[in-house]
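[1] Provided below for reference: sequence and predicted model.
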Amino acid sequence: MHIAIAGNIGSGKTTLTKLLSKHYNWDAKYEAVDNNPYLADFYNDMQRWSFNLQIFFLQERFKGIVEIERDQNDVIQDRTIYEDARIFAPNLHSMGLMSTRDYENYNSLFDLMLSLVKPPDLLIYLRSSIPNLVSQIHKRGREYESGIRIDYLSGLNERYEKWISNYKDGKVLIIDVDEIKYEDRTEDLRHVIDRVDAQLHGIF
């Protein structure tokens, strides 16, 4: 079984991945952040490094899905391959931070990759307001994230909402992380687990 968690920067994907992995004994696949050679450069000069960053994320995500499909274990994945092409790349392009030539090249590669892999059995989307995202980003204190632009986060949020409302590739569970604080409140984590069980096993 393949479960994937989607959501904007700072929405709590990694935290929920850890908590659900521990509860269900699922293998966890995390986003390549600490070993990403482009991330710090990207936040300092988005236009120069946007294409390099997105290609790195795309190949890492594709490699991860190939590994998931080869493995027989149940897996929960921090961020999906869809978000790169449906959210981040078009947002960069619309902001003038990725050229049309690079954007079209990127999409051609994404379409090829997508034709070779299956969607997750369950997609969990973490919905968050911009103030909550900013608060969480500041709380975790990654230096390279300190200069993230509010208009960049806002553009991402708008694209997430549009994408999730049109997602037809499988089951979707939406969690409002402004209200549901699963990291801090045991009862909120139990609520999330109950909803995951309902999606996966038909428990009402």
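    Right, received. Where do you want to start?

[2] just the helices in this protein please.
    13-24, 39-44, 46-70, 81-83, 89-94, 100-114, 130-140, 150-165, 186-201 (DSSP state H).

[3] okay, now the unreliable bits of the chain?
    32-34, 141, 144, 203-204 (pLDDT under 70).

[4] centroid residue for it?
    By CA atoms, centre = their mean, the mean C-alpha position of the chain lies nearest to residue 79, the distance being 2.9 Å.

[5] so what does it look like in phi/psi?
    phi 80, psi 150 (degrees, to the nearest 10).

[6] from residue 125, how far out is it?
    11 Å (CB to CB, to the nearest Å). Any C-beta I mention is one placed from the backbone N, CA and C, and that applies to glycine too.

[7] give me the common contacts of those two.
    In terms of CB atoms under 8 Å, 6 or more residues apart in numbering, residue 79 and residue 125 are both contacted by the residues 5-7.

[8] out of those residues, which end up buried?
    Buried members of the shared contacts of residue 79 and residue 125, scored by 16 or more other CB atoms under 10 Å, are 5-7.

[9] tabulate those residues in CSV, adding columns for distance to residue 93.
    Below are these laid out as CSV (distance: CB to CB, whole Å):
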residue, distance to residue 93
5, 25
6, 20
7, 21
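
[10] of those residues, closest to residue 172?
    Of all those, residue 172 sits closest to residue 6, with 9.1 Å by CB to CB.

[11] OK, contacts around that closest one?
    13, 79-80, 82-83, 123-126, 160, 164.

[12] repeat the analysis, applying 6 Å as the threshold.
    Shown in contact with residue 6 (CB atoms under 6 Å, 6 or more residues apart in numbering): 80, 83, 125.

[13] save these as a markdown table, and put in distance to residue 196 too.
    Shown next, in a markdown table, are these (distance: CB to CB, whole Å):
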| residue | distance to residue 196 |
| --- | --- |
| 80 | 16 |
| 83 | 20 |
| 125 | 13 |
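
[14] which of these ranks first by neighbour count?
    residue 80 (26 neighbours; other CB atoms under 10 Å).

[15] quick one, phi psi at it?
    Residue 80 adopts backbone torsions of phi -110, psi 160, taken as degrees, to the nearest 10.

[16] list the contacts of the nearest residue to it once chain neighbours are set aside.
    Spatial nearest neighbour of residue 80, chain neighbours left out: residue 4 (4.5 Å); criterion: CB to CB, 6 or more residues apart in numbering. Each residue near residue 4 by CB under 6 Å, 6+ apart is listed here: 77, 80, 120, 123.

[17] show me which pair in those residues is furthest apart.
    Using CB to CB, the pair of the contacts of residue 4 lying farthest apart is 77 and 123, separated by 9.8 Å.
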